[in-house]
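1. Pasting a predicted model and its sequence here:
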Amino acid sequence: MKSIYLDHAASTPVHPEVAQTMVEVMTGTHGNASSVHSFGRAAKRIVSSARDNIAARLGCHPNELVFTAGGTESDNMALFGTAEALREQGRHIITSQIEHHAVLHACAALESRGYEVTYLPVDATGRVNPDDVQAAIRPDTILISIMFGNNEVGTLQPITEIGNMAREHGVVFHTDAVQALGAVPINCSELPVDLISFSSHKINGPQGIGALYVRQGTKLEPLLHGGLQERKRRAGTENLAGIAGFGKAVELATDQLEARQEQLDGLRRLMIEMLEQEAGVDAFVINTPLTHSLPHILNISFPGVNSETMLMNLDMESIAAASGSACTSGSLEISHVLQAMNLSENVLHSAIRFSFGMGNTREEIERTAQKIATILKRVRK
């Protein structure tokens, strides 16, 4: 029986063209991009080419991109780097209750160092109210960090509106766009945002590589010290193959963005239609706001069947999904995102995140819905 992978928000399969690009780099180049000899210069050209390609497709200058080890490092660099750079200006930070733990845990660490953090609530759809942001800004506020699109329910945030508020008050604005890249259009220069986190493995690129967009003029202290790589903002020998693969993945994701959006949204709507047909409209609750969300994420609760039971039964049918963030889904903790949305207990404890991507077909979605209907009948009996 062929396995069905519906956990693309956790990680995605590497695109064959990305893998080919990486193999060519790994087998054809072994120099250090910081070396001055011909091997080093060849490696440097690979890094520069990928950086130029990514920058062109994300609407920014190549020097505004800092390569990192992924989304978590990008988020940490944005928060710790800004806090350290602006500590004499103020020690207040604003974020939301539904951020990825790469932001929330970084904020907790900053609190232990004397910073004060305001955690904004969200409404029942998981959306931050811009009025709450406005009300939370203080004279000593140095940073606002609100994610672009949520990784558990897919809710898109009012990034432009919040960014404009931040600019009016001279506050640095960071957004975690790890799930948004490749799912919605992103032009860094057009957005009123100073720092944007990206990750490669969410868009069919390799794991272990990402980037932080740093708007020119934004003050930021480095996390890592050592060499002079990344214009002194991130020390360490560059991940050549990873950077080349990331560049190819961004190219593929942005070149085919409109078609990708239509395909993903089509699979999501098909999933809902098939569940209505196979299990009935009263058998599930949709937690994702379908009109303003990332097209590849669908969070659904099946009241009466807890998340762990559903995931185990799906796994026995060779269907992979998740109960939330991949970083916490194995902990059996209730989703902090759904809790912040103030959902009822039976909805909280039965939530499943399905996330779609490359390789998924209509037949897979139809089979998944049929299996879910069978599981619901068996467990609820």
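-> The structure has been received and is ready for your questions.
2. Confirm that residue 213 lies within a helix, as I assumed.
-> No: counting by DSSP: H, G, I helix; E, B strand; the rest coil, residue 213 is not part of a helix but strand.
3. Neighbours of it, how many?
-> Residue 213 is flanked by 29 other residues according to other Cβ atoms under 10 Å. C-beta coordinates here come from the backbone N, C-alpha and C atoms, glycine included.
4. Read off the pLDDT value for it.
-> Listed pLDDT for residue 213 reads 98.
5. what are the ranges of the helices in the stretch 151-300 of the chain?
-> Using DSSP state H, counting those that start in this stretch, the helices of the stretch 151-300 of the chain run over 159-168, 229-232, 240-255, 257-278.
6. Mind checking those for the one nearest to residue 212?
-> Taking Cβ to Cβ, helix 229-232 is the member of the helices of the stretch 151-300 of the chain nearest to residue 212, at 9.5 Å.
7. coming back round to it: deepest of the helices of the stretch 151-300 of the chain, which one?
-> Highest mean neighbour count among the helices of the stretch 151-300 of the chain (mean count of other Cβ atoms under 10 Å): helix 240-255, with a mean of 23.
8. Out of the helices of the stretch 151-300 of the chain, flag the one nearest residue 356.
-> helix 257-278 (4.5 Å).
9. just checking, what packs against that closest one?
-> strand 297-301, helix 362-380 (3 or more Cβ pairs under 8 Å, 6 or more residues apart in numbering; DSSP states H and E).
10. What strand or helix carries residue 11?
-> Using DSSP states H and E, residue 11 sits within no helix or strand.
11. Among the helices and strands packed on helix 257-278, which comes closest to residue 218?
-> Comparing the helices and strands packed on helix 257-278 by Cβ to Cβ, strand 297-301 comes nearest, at 29.3 Å.
12. what does the closest one rub up against?
-> 9, 149-154, 179, 268, 271-272, 275, 284-288, 338, 343, 346-348, 350-356 (Cβ atoms under 8 Å, 6 or more residues apart in numbering).
13. State the pLDDT value of the residue nearest to residue 50 when sequence neighbours are not counted.
-> Nearest non-adjacent residue to residue 50, counting by Cβ to Cβ, 6 or more residues apart in numbering: residue 247, 3.1 Å away. Looking at residue 247, its pLDDT reads 98.
14. Next: residue 327.
-> If you check residue 327, the pLDDT there is 50.
15. I'd say the residue nearest to residue 50 and residue 53 touch.
-> Yes: between residue 247 and residue 53 a contact is recorded at 4.6 Å, counting by Cβ atoms under 8 Å.
16. got a list of contacts for the helix or strand of the chain with the lowest mean pLDDT?
-> Lowest mean confidence among the helices and strands of the chain (mean pLDDT, DSSP states H and E): helix 229-232, at a mean of 90. Residues from elsewhere that reach helix 229-232 (Cβ under 8 Å, 6+ apart): 33, 34, 63, 66, 67, 222, 235, 236, 237, 238.
17. Buried ones from these, can you make that a ChimeraX selection?
-> The buried residues among these can be selected in ChimeraX (16 or more other Cβ atoms under 10 Å) with this line:
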select :33,66,67,222,238
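18. Can you tell me which of the contacts of helix 229-232 is closest to residue 74?
-> residue 66 (8.0 Å).
19. pLDDT score assigned to that closest one?
-> 97.
20. give the contact list for it.
-> Residue 66 touches 77, 211, 212, 213, 214, 230, 231, 233, 234, counting by Cβ under 8 Å, 6+ apart.
21. what do you get if the cut-off is 7 Å, keeping everything else the same?
-> Residues in contact with residue 66 (Cβ atoms under 7 Å, 6 or more residues apart in numbering) are 211, 212, 214, 230, 233, 234.
22. pLDDT of stretch 54-61, averaged?
-> pLDDT averaged over stretch 54-61 gives 98.
23. In that stretch, which residues are buried?
-> Neighbour-count burial for stretch 54-61, counted by 16+ other Cβ under 10 Å, picks out 54, 55, 57, 58, 60.
24. ok, now stretch 17-26?
-> Going by neighbour count (16+ other Cβ under 10 Å), the buried part of stretch 17-26 is 18, 19, 21, 22, 25.
25. okay, these in a markdown table with distance to residue 114 and pLDDT next?
-> As requested, the buried residues of stretch 17-26 are exported to a markdown table (distance: Cβ to Cβ, whole Å; pLDDT from 0 to 100):
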| residue | distance to residue 114 | pLDDT |
| --- | --- | --- |
| 18 | 43 | 98 |
| 19 | 46 | 98 |
| 21 | 45 | 98 |
| 22 | 43 | 97 |
| 25 | 44 | 96 |
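26. Which of the residues you listed sits closest to residue 293?
-> Comparing these against residue 293 with Cβ to Cβ picks out residue 18 as the nearest, at 26.2 Å.
27. so how far is residue 308 from the closest one?
-> Distance, residue 18 to residue 308, using Cβ to Cβ, to the nearest Å: 34 Å.
28. next one: residue 105
-> Taken as Cβ to Cβ, the span from residue 105 to residue 308 is 24 Å.
29. Looking at the two, which one has more neighbours?
-> Taking other Cβ under 10 Å, residue 105 and residue 308 do not tie; residue 105 has more neighbours (16 against 13).
30. ok so, going back, let's see the least confident helix or strand of the chain as PDB, backbone CA atoms only.
-> Extracted in PDB, the C-alpha atoms of helix 229-232 (Å, rounded to 0.1, in the frame of the first residue of the first chain):
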ATOM      1  CA  GLN A 229      31.100  35.300   6.700                       C
ATOM      2  CA  GLU A 230      27.800  36.800   5.800                       C
ATOM      3  CA  ARG A 231      29.200  40.300   6.200                       C
ATOM      4  CA  LYS A 232      30.100  39.600   9.800                       C
END
